[in-house]
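1. Sequence first, predicted model second:
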Amino acid sequence: MTTENLKFKVQLYAQYWDIPPIAEILVGQNSMAKQEITGTEQNPTLIEFYSELTEGQQYNFTINRTNKFDSQTITQDGKIIKDQLLFIKSIEIDEIDLGGLIYEGLYYPEYPEPWASQQKELGNTLTPSIKNVTSMGFNGRWELKFTSPFYMWLLENLY
């Protein structure tokens, strides 16, 4: 079996007022990094690692977002005045910025209770996954599926 060793560079940043979000990055089932994200949009947290992939296999690039509790969202007069958010600024694989391809990822939020039940009672539908997002307000996971060899997948998905 042929393998390829790819370098990943992920830039994440957060907005928070109390405790920062935690991001765990996985390639397939392998956890590559797990840390608090304290970077800002101008100075994001940079996470770099290598991952060896088997050609012909499909992989999930996953960002598990945790460390948000109900106390992290403060509302006043029905409006959020303080919150904790995690943002994906960029993802580079083998020195190629994925650019707009990151919008192909799916975000699977973990809606907190009792908020989720209240939304359902109001007639609002909470979808199990959201596409075209790079900001994560709820705990949950963001996933981008790709295959190895990476360059073939990239060529097939650029346009």
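-> Perfect, thanks for sending it.
2. Alpha carbons only: can I get the longest strand out of those in the chain in PDB?
-> For the chain, the longest strand by residue count, based on DSSP state E, is strand 3-15. What follows is strand 3-15, C-alpha atoms only, in PDB (Å, rounded to 0.1, in the frame of the first residue of the first chain):
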ATOM      1  CA  THR A   3       1.200   6.200   1.600                       C
ATOM      2  CA  GLU A   4       1.700   9.900   1.600                       C
ATOM      3  CA  ASN A   5       2.900  12.100   4.400                       C
ATOM      4  CA  LEU A   6       1.100  15.400   4.500                       C
ATOM      5  CA  LYS A   7       1.800  18.600   6.400                       C
ATOM      6  CA  PHE A   8      -1.300  20.300   7.900                       C
ATOM      7  CA  LYS A   9      -1.400  23.900   9.100                       C
ATOM      8  CA  VAL A  10      -4.600  25.000  10.800                       C
ATOM      9  CA  GLN A  11      -5.300  28.500  11.900                       C
ATOM     10  CA  LEU A  12      -8.000  28.900  14.500                       C
ATOM     11  CA  TYR A  13      -9.100  31.900  16.600                       C
ATOM     12  CA  ALA A  14     -11.600  32.600  19.300                       C
ATOM     13  CA  GLN A  15     -13.800  35.300  20.800                       C
END
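3. Report all helices and strands that it contacts.
-> strand 22-27, strand 45-54, strand 58-66, strand 85-93 (3 or more CB pairs under 8 Å, 6 or more residues apart in numbering; DSSP states H and E). All C-beta atoms are positioned from the backbone trio N, CA, C, and that covers glycine.
4. so where's this structure shaky on pLDDT?
-> 159 (pLDDT under 70).
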